[in-house]
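In: pasting the structure only:
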C-alpha cells in the first residue's frame with residue numbers, strides 16, 4: 001500500500017517556474033515507477049512524465065519535453081516535477097501516481113494516486 005501527497009502548485013505567470021513535490025508513505029517506494037499526470041477542466045487526465053524505480057528511465061509527453069523534468073529521491077520517498085517556461089495551457093490539476101514495477105503513460109496502469117495540486121499559469 002502506498003499513499004501519496006502532492007504539493008507545490010500555485011499561480012504563476014507565463015514563462016515562470018514551479019516545482020511540484022509528492023511524498024509517499026509505505027516501505028516499498030523503490031518498487032514503484034512514478035508518474036505525473038494532469039487534468040484540465042472538461043478534459044481527460046493526461047500523461048505528463050514518468051520515471052522508473054531507480055530514476056534510470058524517464059519519459060515525457062511531447063507537450064512538456066524540454067521544459068519539465070521528473071526526478072525522485074528514494075531515500076526521502078519523494079518524486080518531483082520541475083516545470084520551467086510555463087504556458088497558460090499547462091494550467092491543470094497535477095497528480096502524482098505510483099505504478100508497481102516499470103513505467104507507464106496511461107492512467108489505468110497506475111495503482112495509487114495523490115490528491116492533486118492546482119497549477120494555474122496566467123498569460
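Out: Sure, I can see it. As the structure is a prediction and not an experimental result, all values here were calculated from the model.
In: can you tell me which residues contact the residue lying closest to residue 26 once chain neighbours are set aside?
Out: In this structure, residue 26 finds its nearest non-sequential neighbour in residue 2, 4.3 Å apart by C-beta to C-beta, 6 or more residues apart in numbering. Every residue, glycine included, has its C-beta placed from N, CA and C. Shown in contact with residue 2 (C-beta atoms under 8 Å, 6 or more residues apart in numbering): 24-26, 28-29, 32, 98, 111-112.
In: Of those residues, which is the nearest to residue 87?
Out: residue 98 (27.2 Å; C-beta to C-beta).
In: can you pull the contacts of the closest one?
Out: Contacts of residue 98 (C-beta under 8 Å, 6+ apart): 2, 4, 24, 29, 32-35, 110-113.
In: can you rerun that using 6 Å?
Out: Going by C-beta atoms under 6 Å, 6 or more residues apart in numbering, residue 98 touches 2, 32, 34, 112.
In: so of the residues you listed, which ones are in strands?
Out: Within these, residues falling in strands by DSSP state E are 32, 34, 112.
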